[in-house]
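K.L.:
could you look at this predicted model? Sequence included:
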Amino acid sequence: MKVSPLIEQQHDIPKASARGREIVDARVIICSPGRNFVTVKITTHDGIYGIGDATLNGRELAVAAYLNDHLLPNLIGRDAGRIEDIWQFAYRGAYWRRGSVKMSAIAAIDVALWDIKAKMANMPLYDLLGGASRDKVLVYGHANGNTIEETVEEVGRYIDMGYSAIRAQTGVPGLKASYGVSKDKLFYEPADAELPSETVWNTHDYLTHIPKLFEKLRQDYGDGVRLLHDGHHRMTPREAAQLGKSLEPYNLFWLEDVTPAEDQDAFRLIRQHTTTPLAVGEIFSSIWDCKDLIENQLIDYIRATIVHAGGITHVRRIADLAALYQIRTGFHGATDLSPVTMGAALHFDLWVPNFGIQEYMRHTPETDAVFPHAYTFDQGYLHPGDTPGHGVDIDEALAEKFPYKPMQLPVTRLTDGTMWNW
Ligand code: CS2
Ligand code: MG
């Protein structure tokens with residue numbers, strides 16, 4: 001396997017002394033190679049550096065400001081090895097707890113410090129976490145089309161690429177744009193305008209249309225392929241229960257984000273009516289967002305992910321709680337989570353005992369060039385590679401050529417104009 005020179009250099013790392021572990025530099029790098037990314041780079045006195053992702057789609061500069069103005073100045077002179085203490089300092093010390101902006105900022109620092117620690121130990125991060133629990137990481141890809149026929153064809157393309165787990169999204173007749181359907185098939189990027197573009201939504205039409213897609217997929221591709229679907233927070237709990245029930249004959253791997261999860265108890269109603277497996281959590285920022293969902297076994301997969309939920313240090317706690325209840329991980333892995341998050345997540349996935357699946361939306365060639373990485377795809381699985389650290393770097397000179405571009409996620413309204421959940 002060919003790895004980039006930036007990744008190769010990381011095998012050559014000096015031994016750390018007490019003084020050598022001190023943080024001497026911590027800064028934010030913002031770039032837009034295809035889309036915006038916020039990256040934190042932390043360097044020790046010995047010259048070992050680690051990087052972390054702080055990208056929060058459509059709110060990138062808010063996280064960057066939180067890092068620059070409030071967190072990073074505190075790091076200078078601290079021992080880079082004291083990851084837990086730095087996490088507690090950033091979380092408790094702020095007084096204001098939780099929230100996507102703060103937890104993404106903490107996550108970036110945390111991942112950069114785990115990267116440094118694994119490099120100091122001269123180990124791939126998965127080894128430092130406890131060692132591999134499996135040989136490779138099952139991933140799912142994204143197939144989508146404007147019509148059922150187009151989506152079915154796309155699923156076939158993913159099967160041909162070697163995927164055994166595929167998320168299928170399709171346009172709903174009569175609606176101009178549907179969540180999950182993109183112009184570009186391999187690289188889906190929903191943030192498409194400086195000020196949010198408006199889409200229209202109609203749950204009634206969606207609920208009657210979606211089962212037809214999965215019926216056709218099972219007819220054409222049989223029972224072997226794992227099929228997933230994302231409801232993107234659009235339904236009420238009762239509507240979600242209806243969809244789950246109507247999809248039962250097609251044996252989905254999971255049905256995701258069927259209803260907004262601020263009210264964790266709402267999932268009881270869904271659970272009582274359907275055995276379709278439920279996944280939720282890509283917008284969660286802490287364990288408190290999913291504690292009841294987990295303890296009451298109202299979900300099957302937890303999607304809270306490293307970049308938006310406080311880094312490895314915090315997501316490890318979520319995964320451990322989930323393991324007690326036989327709930328498995330299914331980390332968010334859309335293109336707005338940078339390759340740095342993908343690398344860190346893959347090390348976590350290789351280790352975590354209760355692993356379920358990892359989302360894998362491919363990044364554009366520009367993004368991949370700015371973030372050289374050791375992870376590789378083979379026949380529906382990813383492997384994080386064995387480079388010390390998390391195996392992802394940033395080419396800063398190249399990053400500079402892609403300056404930040406203001407972009408936001410769309411919003412959606414019902415057909416009568418009522419604001420709804422995008
Ligand atoms: C998503 C994302 O990947 C997913 O499951 O729901 O596409 C999500 O819409 C974006 O990450 C938002 O930034
Ligand atoms: Mg989703």
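P.N.:
Right, received. Where do you want to start? Residues are numbered from 1 along each chain as shown. Ligands and ions are numbered 1, 2, ... in the order given.
K.L.:
and the pLDDT at the one residue sitting closest to the centre of the chain?
P.N.:
For the chain, the residue nearest the mean C-alpha position is His332 (2.8 Å; C-alpha atoms, centre = their mean). According to the prediction, His332 has pLDDT 98.
K.L.:
which residues does it contact?
P.N.:
With contact taken as C-beta atoms under 8 Å, 6 or more residues apart in numbering, His332 is in contact with Gly281, Glu282, Arg303, Ala304, Thr305, His308, Glu359. Glycine gets a C-beta too; all of them are placed from N, C-alpha and C.
K.L.:
partner residues bridging the last one?
P.N.:
Spelled out, it's Glu359. Tyr140 (DSSP bridges).
K.L.:
residues near it, how many?
P.N.:
Glu359: 25 surrounding residues under other C-beta atoms under 10 Å.
K.L.:
return the distance of it relative to Phe267.
P.N.:
Distance of Glu359 to Phe267, given as C-beta to C-beta, to the nearest Å: 20 Å.
K.L.:
now swap in Asn354 and tell me
P.N.:
Applying C-beta to C-beta, the value for Asn354 to Phe267 is 19 Å.
K.L.:
quick check: phi and psi at whichever residue of the chain sits closest to ligand 2.
P.N.:
As assessed by C-beta to the ion, ligand 2 sits closest to Asp230 within the chain, at 4.3 Å. Note on Asp230: backbone dihedrals following degrees, to the nearest 10 are phi -110, psi 120.
K.L.:
hmm, Ser178 and it touching each other?
P.N.:
No. Counting by C-beta atoms under 8 Å, Ser178 is not a contact partner of Asp230; they are 10.9 Å apart.
K.L.:
intersection of neighbour lists for these two?
P.N.:
Gln169.
K.L.:
average pLDDT across the longest helix along the chain?
P.N.:
Longest helix of the chain, by residue count under DSSP state H: helix 100-120. For helix 100-120, the mean pLDDT works out to 98.
K.L.:
is ligand 1 contacted by that helix?
P.N.:
No. Judged by C-beta under 6 Å from any ligand atom, helix 100-120 stays clear of ligand 1, getting no closer than 10.8 Å.
K.L.:
which helix or strand lies directly C-terminal to that helix?
P.N.:
Counting by DSSP states H and E, the next helix or strand C-terminal to helix 100-120 is helix 125-129.
K.L.:
that next one: how far from the chain's middle?
P.N.:
19 Å (C-alpha atoms, centre = their mean, to the nearest Å).
K.L.:
got it, and stretch 247-261?
P.N.:
Distance, centroid of stretch 247-261 to centroid of chain: 18 Å (C-alpha atoms, centre = their mean).
K.L.:
between the two ends of it, how far is it?
P.N.:
End-to-end distance for stretch 247-261, by C-alpha to C-alpha, to the nearest Å: 21 Å.
K.L.:
remind me which residues of this protein are low pLDDT?
P.N.:
For the chain, applying pLDDT under 70 flags the ranges 1-16.
K.L.:
surely Gly356 touches Gly330?
P.N.:
Yes. Between Gly356 and Gly330 there is a contact at 4.6 Å, judged by C-beta under 8 Å.
K.L.:
show me what from the chain comes close to ligand 2.
P.N.:
Asp230, Glu282 (C-beta under 5 Å from the ion).
K.L.:
if we go to 8 Å?
P.N.:
Counting by C-beta under 8 Å from the ion, the chain comes close to ligand 2 at Asp230, His232, Glu256, Asp257, Glu282, Arg303, His332, Ala334, Glu359.
K.L.:
can you show me the strands along the stretch 1-150 of the chain?
P.N.:
For the stretch 1-150 of the chain, the strands defined by DSSP state E, counting those that start in this stretch occupy 23-31, 37-44, 49-53, 137-145.
K.L.:
what does the second one rub up against?
P.N.:
In other words, strand 37-44. Strand 37-44 has contacts (C-beta under 8 Å, 6+ apart) with 16, 20-31, 49-56, 60, 63-64, 67, 72, 75, 80, 108-109, 112-113, 116, 338, 340, 367, 370-371, 394, 399.
K.L.:
looking at the strands of the stretch 1-150 of the chain, which is buried most?
P.N.:
Highest mean neighbour count among these (mean count of other C-beta atoms under 10 Å): strand 49-53, with a mean of 27.
K.L.:
anything in that strand near ligand 1?
P.N.:
No. For a cut-off given as C-beta under 6 Å from any ligand atom, strand 49-53 has no contacts with ligand 1; the smallest distance is 12.8 Å.
K.L.:
export that strand to PDB, keeping only CA atoms.
P.N.:
As requested, the backbone C-alpha atoms of strand 49-53 are provided in PDB (Å, rounded to 0.1, in the frame of the first residue of the first chain):
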ATOM      1  CA  TYR A  49       2.200  17.300  17.000                       C
ATOM      2  CA  GLY A  50      -1.400  16.000  17.000                       C
ATOM      3  CA  ILE A  51      -4.400  17.100  15.000                       C
ATOM      4  CA  GLY A  52      -8.100  17.100  15.800                       C
ATOM      5  CA  ASP A  53     -11.200  18.000  13.800                       C
END
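K.L.:
distance from the chain centre to that strand, please.
P.N.:
Worked out by C-alpha atoms, centre = their mean, strand 49-53 lies 17 Å from the chain centre.
K.L.:
do stretch 404-412 as well
P.N.:
Between the centre of stretch 404-412 and the centre of its chain there are 18 Å (C-alpha atoms, centre = their mean).
K.L.:
near ligand 1, anything from stretch 199-217?
P.N.:
No. Stretch 199-217 stays clear of ligand 1 (C-beta under 6 Å from any ligand atom), getting no nearer than 12.2 Å.
K.L.:
which parts of that stretch are buried?
P.N.:
Within stretch 199-217, the residues scored as buried using 16 or more other C-beta atoms under 10 Å are 199-203, 206-207, 209-211, 213-214, 216-217.
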